[in-house]
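Student: Below are the sequence and a predicted model; questions follow.
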Amino acid sequence: MVAAGNDGANAANYSPAGFNNVITVSALNPNNTFAFYSNYGSVVDLIAPGTNVESLWKNGGYNTTSGTTMASPHVAGAAALFCSSNAGATFNTVRSGLIAAGEAGSWAGDPDGISEPLVDAQSL
């Protein structure tokens, strides 16, 4: 899992988001709109919640923060869940399984108009 990036640009031009054999993740707002800061493009595989995510913070405690770095752990967790019931799954099997289980949608504000599926752990 890799974060698409937070520059509102084509993720294909960013490392490692533009690499082959990675699962690239964009960010969604709580109101199911594409996060303005999120990178986009044909290399993006999935979208996940990335805005106002409460997470552990350095030196202890919690913090609410936003970014594709907050979105990609949602997909990592779903991948772990997928692997727990698909022992020995290859990268391609995990990637295609997550995409197939994802919730189809059209995300307002998505600059490229490609509707990446929303990660959906309950469907795995």
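Tutor: The structure has been received and is ready for your questions. Numbering: from 1, shown residues only.

Student: which intervals of the protein have sub-threshold pLDDT?
Tutor: Judged by pLDDT under 70, the chain has no weakly predicted residues.

Student: let's see 90
Tutor: Residues of the chain meeting the criterion pLDDT under 90: 105-106, 115.

Student: Between the two ends of stretch 2-19, what distance do you get?
Tutor: Start to finish, the residues bounding stretch 2-19 are 10 Å apart (CA to CA, to the nearest Å).

Student: what about it, distance to the chain center?
Tutor: The chain centre lies 11 Å from the centre of stretch 2-19; the measure is CA atoms, centre = their mean, to the nearest Å.

Student: Which of the three states applies to the most far-flung residue of the chain relative to its centre?
Tutor: Going by CA atoms, centre = their mean, the residue of the chain most distant from its centre is N59, 26.1 Å out. Counting by DSSP: H, G, I helix; E, B strand; the rest coil, the backbone at N59 sits in coil.

Student: Over to G77?
Tutor: helix.

Student: Report whether the expected contact of it with A121 is present.
Tutor: Yes - G77 is within contact range of A121, at 6.7 Å (criterion: CB atoms under 8 Å). The C-beta positions use only the backbone N, C-alpha and C, and glycine is treated the same way.
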